[in-house]
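Visitor: what follows is a predicted protein model with its sequence.
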Amino acid sequence: MALGKKIAVIGVGNMGEALIAGMLASKAAAPDEIHATDVASERLDQIKARYGIQAGTDNRTAASWCEIMILAVEPQVLDHVLDDVRSVLTEAKLVLSVAAGYPIARIVSHLTPGARVVRCMPNTPSAVRAGISALAWGSAVLDEDQRFARAIFESVGGVVVVDERLMDAVTGLSGSGPAYVFLIIEALADGGVKMGLPRNTALGLAAQTVFGAAQMVQETGEHPGRLKDKVTSPGGTTIAGLHELERGGLRASLMEAVEAATRRSRELAAE
């Protein structure tokens, strides 16, 4: 879906670059419709050369030029960025924020009461266009704004819509979740090495096994418990392995990891 909108990306770290790459690959935006800014001029030179977009260090210039602004800076500097662009960021512009733990109301307080703000939580697989993003609508957001926001984040993966009050839980699950899965892949590979497999072979087997299992959940629509049962023969190898995972508390540990990360997200927002 070509948006036909001028888009400013404020901050070109990993997520800012992922969104630029995704929008260009999906044809949601053309290079001349994207203006990126960052404090690091060397980083901007790299992004400009890589994608052929406009780039600069002046946030206010980008905010004045754009119709949609994506705030992809660290939460601790967002107050300063918003204050800097307030005078040119009119209510006619759509604001998308990927700053973790930074509520819509706080963004609006730096702008105007009618500011159209969407809070977004993508995750790191967005860098390979296999992410999942949760979106929460501000009270002034229009139906057209929702379509634009969906199209931008669908360019880097899937999209779900949640109430803003659930964003901390999203952070604990899908925001932090890739790290949990990386740990599982590493542990599976280590198990393979322990049993005699070469390291590269074990890592390839582990990564593809996790990828394939996730794809089965997505494409079949079956509950993962049912898919697990289909792999598990009476008295076989899989049930022996599952028994050890249950004894080690894997299920409870993963649930507790999501809970701990959710709690920490709330604490950071309060700070």
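Guide: Nice, I can see it.

Visitor: stretch 146-164: how far from the chain's middle?
Guide: Counting by C-alpha atoms, centre = their mean, to the nearest Å, stretch 146-164 is centred 10 Å from the centre of its parent chain.

Visitor: quick one: contacts of that stretch?
Guide: 1, 3, 5, 7, 18-19, 21-23, 25-26, 28, 68, 70, 94, 96, 103-104, 118-120, 122, 125-127, 129-137, 141, 170 (C-beta atoms under 8 Å, 6 or more residues apart in numbering). C-betas here are computed from N, CA, C, even on glycine.

Visitor: which PyMOL command selects the buried ones in these?
Guide: Of these, the buried ones can be selected in PyMOL as follows, counting by 16 or more other C-beta atoms under 10 Å:
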select buried, resi 3+5+7+18+19+21+22+23+26+28+68+70+94+96+103+104+118+119+120+122+125+126+127+131+132+133+134+135+136+137+141+170
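
Visitor: which of the contacts of stretch 146-164 fall in strands?
Guide: 7, 68, 70, 94, 96, 118-120, 131-137 (DSSP state E).

Visitor: and stretch 180-200, C-alpha only, in CSV?
Guide: Taking Å, rounded to 0.1, in the frame of the first residue of the first chain, the C-alpha atoms of stretch 180-200 are listed here in CSV:
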residue,chain,number,x,y,z
TYR,A,180,14.0,-15.5,25.6
VAL,A,181,13.8,-17.4,22.2
PHE,A,182,17.5,-16.7,21.5
LEU,A,183,18.3,-18.2,24.8
ILE,A,184,16.2,-21.3,24.0
ILE,A,185,17.9,-21.6,20.6
GLU,A,186,21.3,-21.4,22.2
ALA,A,187,20.4,-23.9,24.8
LEU,A,188,19.0,-26.4,22.2
ALA,A,189,22.2,-26.0,20.2
ASP,A,190,24.3,-26.6,23.3
GLY,A,191,22.4,-29.8,23.9
GLY,A,192,23.1,-30.9,20.4
VAL,A,193,26.8,-30.2,20.9
LYS,A,194,26.8,-32.1,24.2
MET,A,195,25.4,-35.1,22.2
GLY,A,196,28.2,-34.9,19.6
LEU,A,197,26.8,-32.6,16.9
PRO,A,198,29.2,-30.0,15.3
ARG,A,199,28.4,-26.5,16.6
ASN,A,200,27.3,-25.0,13.3
